[in-house]
Structures are given as structure tokens and as C-alpha cells.
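Student: what would the 3D arrangement of this be:
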Amino acid sequence: MEDDPFAVLGVSPDASEEEQKRAYRRALRHAHPDQGGSTEKFARVQAAWAAKDVPKPKPTGSSRVPRSTQPSSWMAEAPAPRSRSGVGAKSHGHPGGWFREKYGIDVREWLGRGEQPSNIFDPALVARVPAPIRHTLHAAIAEEETAKVLASLESGFEIWHDVVVKGSRDTLVTKIDHVVLGPSLLWALQSEDWGAAVHVAHGELVSEGMAPKERPGKELAQMVKALSRSLGVRFSAMAYVLPDAHLEGSLEAVTTKGKIPLSVVQLSALPDLLAIDAPHSRSSLVGDDIFPLRERLRQGISFV
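Tutor: The predicted structure is shown next:
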């Protein structure tokens, strides 16, 4: 990207905010692949918009993710990977934090008052706890590992972690691990580690590590539908992100629910999946759609 982001946007730094927004939208239209541009040009415009108010980016808490190897506290953080552009994706929320806190509460309740461990993440203790409690910790670590990968994306992406999904009466139902807005698609991602291999059968994810009657694909689709309704947005695609060893191929289509395609992807293949316009998605974003959508997400998303 050029040193001056305003040059990329084609607007003066002294222009009003509204004039800058119009220039940004115009630049997006001209850069979009469907309008004769390219994915690189489109991402470049996104990067310029993100960088225009921050000419010398500095690490902030929003770009830091928990260190999954830290044994003493779920609040510990480590610097996120830097992108090639030096600007990087903007992220919000604390991935894995809610599950780590829940794990701590559940472990102490399971132990009772007679035992107060100095380290609830001690591998010997983790091995002793009931499987559902242990899975909570594994789910937290899976979120953190996905967050590290997402943090390495370019500045055309914006990410929200641990997003609240509310029911019809505005009460907490559950959460979506990662909402990712890219240059042309809006993704809902769940990070999981069921401790066993996963395969696709009859339009659903199946694993020996799942609880009886667990239907993760159906569950994610219901959450996406509820979040879409509460935010007034349309998601383009959904995916479950798994440890590489738990999925035979790098990417597999699962099904389509409510016209939104659902896939399952290896963690290492996630950047490649997000970097392309998913050909099976019917909800690609073009030009002017992106800016109002981004603002709606920023204003409407809540965190657990």
C-alpha cells in the first residue's frame, strides 16, 4: 500500500468525514473484481480506510489474544501475529475467555470446598475432571488458536470474538465464537475440539467425541439465524474450524441451511478459505454494502 492512505482513497486528509466515506465507497466500487478491479486492489482500499486515522499503528489490547499455553490464568495475553502489511485485521472481544472462566467455575464446583488447587490448568487435574468440563477448556483453547490465525489476516478484515446471540425476549441464548467481515463475505465461525476425528454424514458433523444427539451444524445455523435477525444483517457463509488432525481433508462442504452454506475446515486452511469469494455463497457483498454493514456490526454486536 502507498505510504499515504488518502492517496489510495483519492481524497484529501482535510476532507469531511462524509466526503471521506463517499470517496471510500467510490474506491471500493472501482476496485471490486466485478467492476474491473481485483481482489488485491479491493483489499488495498480496505487497508487504506483502516489506516487513514492511524498512520503509525501500535499494538493494542484489541489485537492481542490469550496465550493457550499459559497455565495460571485465562486472562493472560500474548501478542497476535502481525500481518504482512503491518496494519493487520481489527479484532474485538476476548476469544476463549468466557469458556476459560466457565471452566474455572465448573472445576471448583466439582472439587468442592475441600480442595483448592493452586493451578486449575495443571495437566494432572485437567485429566481428572469430567469430560464435559474438560471439553470446555479444549473449546477455549480452540477459540484462542483460531483467533491467532484470524489476527494474521490483512486489514481488509474485521473480527468480533465471543459474540452474544440473543433470543426473542432479548435474553442470552448462547454465543458465536467468531464473526468475520471480509472484503466481500460475512462469516460465522465456530472453533471446536471434540477430541476425536470428525466427518460429514447426512448434512451434519459427526464425531465419537460429541455428546449424544449433538447436532453442531443445526445449532450454528439456528444461532446465525437469531443473530441475523437481531442485528439486521445477512451472513454469507458458516464454518466449523477444527484441529488439522481431526479432519481428513483441508475443507469439506457440509450442507446449506437457510441458503447459507456450511463448511468444516482445518485450522491451517482457514486463511485460504477466508481469502476467496466462496463460489457457493449467494450473499456476496459488493461496494456500498460493506460500509453500512460494518457500522451495523460495530454498533450492534455484544460480547459474553
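Student: ok, and for stretch 116-126, which residues are buried?
Tutor: Residues of stretch 116-126 classed as buried: 120-121, 125-126 (neighbour count, 16 or more other CB atoms under 10 Å). Bear in mind the C-beta positions are built from the backbone N, C-alpha and C, glycine included.
Student: how about that stretch as CSV, C-alpha atoms only?
Tutor: C-alpha atoms of stretch 116-126 as CSV (Å, rounded to 0.1, in the frame of the first residue of the first chain):
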residue,chain,number,x,y,z
GLN,A,116,-8.4,-25.6,46.5
PRO,A,117,-5.8,-26.2,43.7
SER,A,118,-3.2,-23.6,43.1
ASN,A,119,-3.4,-24.2,39.3
ILE,A,120,-6.7,-25.3,37.8
PHE,A,121,-4.9,-25.8,34.4
ASP,A,122,-2.4,-28.4,35.8
PRO,A,123,-2.5,-31.3,33.3
ALA,A,124,-2.9,-33.8,36.1
LEU,A,125,-6.0,-32.0,37.3
VAL,A,126,-7.4,-31.5,33.8
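Student: now it: average pLDDT?
Tutor: Mean per-residue pLDDT for stretch 116-126: 89.
Student: now that stretch, how far from the chain's geometric center?
Tutor: Offset of stretch 116-126 from its chain centre (CA atoms, centre = their mean, to the nearest Å): 29 Å.
Student: contacting residues for Val179?
Tutor: Shown in contact with Val179 (CB atoms under 8 Å, 6 or more residues apart in numbering): 159-160, 163, 186-189, 227, 297, 301.
Student: now, which of those sits nearest Asp272?
Tutor: Trp187 (13.3 Å; CB to CB).
Student: quickly note the distance from that closest one to Val180.
Tutor: Applying CB to CB, to the nearest Å, the value for Trp187 to Val180 is 4 Å.
Student: let me know how buried Glu295 is, in neighbour terms.
Tutor: The tally of other residues near Glu295 (other CB atoms under 10 Å) stands at 11.
Student: so Val233, which state does it fall into?
Tutor: At Val233, secondary structure determined by DSSP: H, G, I helix; E, B strand; the rest coil is coil.
Student: phi, psi of it?
Tutor: Main-chain dihedrals, Val233, degrees, to the nearest 10: phi -130, psi 170.
Student: shared neighbours of Trp187 and Val180, anything?
Tutor: Leu274.
Student: A strand includes Glu214, no?
Tutor: No - membership of Glu214 in a strand is not supported by three-state DSSP, which gives coil.
Student: thinking again about what came up before, among the contacts of Val179, which ones are in strands?
Tutor: The strands, defined by DSSP state E, take in 159-160, 163, 186-189 from the contacts of Val179.
Student: got a markdown table for those residues, with distance to Lys218 too?
Tutor: What follows is those, written out as a markdown table (distance: CB to CB, whole Å):
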| residue | distance to Lys218 |
| --- | --- |
| Ile159 | 25 |
| Trp160 | 23 |
| Val163 | 19 |
| Leu186 | 20 |
| Trp187 | 18 |
| Ala188 | 14 |
| Leu189 | 16 |
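Student: what is the nearest of those to Pro5?
Tutor: Nearest to Pro5 among those: Ile159, at 20.5 Å, using CB to CB.
Student: my guess is the closest one contacts Thr146. True?
Tutor: No - with contact defined as CB atoms under 8 Å, Ile159 does not count as touching Thr146 (9.7 Å).
Student: now do the shared contacts for the two.
Tutor: With CB under 8 Å, 6+ apart as the test, Ile159 and Thr146 both reach His178.
Student: report the longest helix in this protein, please.
Tutor: helix 131-151 (DSSP state H).
Student: for it, what is the distance to the chain centroid?
Tutor: 12 Å.
Student: next: stretch 255-272.
Tutor: Its chain's average C-alpha position is 12 Å from that of stretch 255-272, according to CA atoms, centre = their mean.
Student: re earlier: just the buried residues of the longest helix of the chain, please?
Tutor: Neighbour counts over helix 131-151 (16+ other CB under 10 Å) mark 133-151 as buried.
Student: rewinding a little: can I get the buried residues of stretch 116-126 in a markdown table including distance to Val107 and secondary structure?
Tutor: Output for the buried residues of stretch 116-126, formatted as a markdown table (distance: CB to CB, whole Å; DSSP: H, G, I helix; E, B strand; the rest coil):
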| residue | distance to Val107 | secondary structure |
| --- | --- | --- |
| Ile120 | 5 | coil |
| Phe121 | 9 | coil |
| Leu125 | 7 | helix |
| Val126 | 9 | helix |
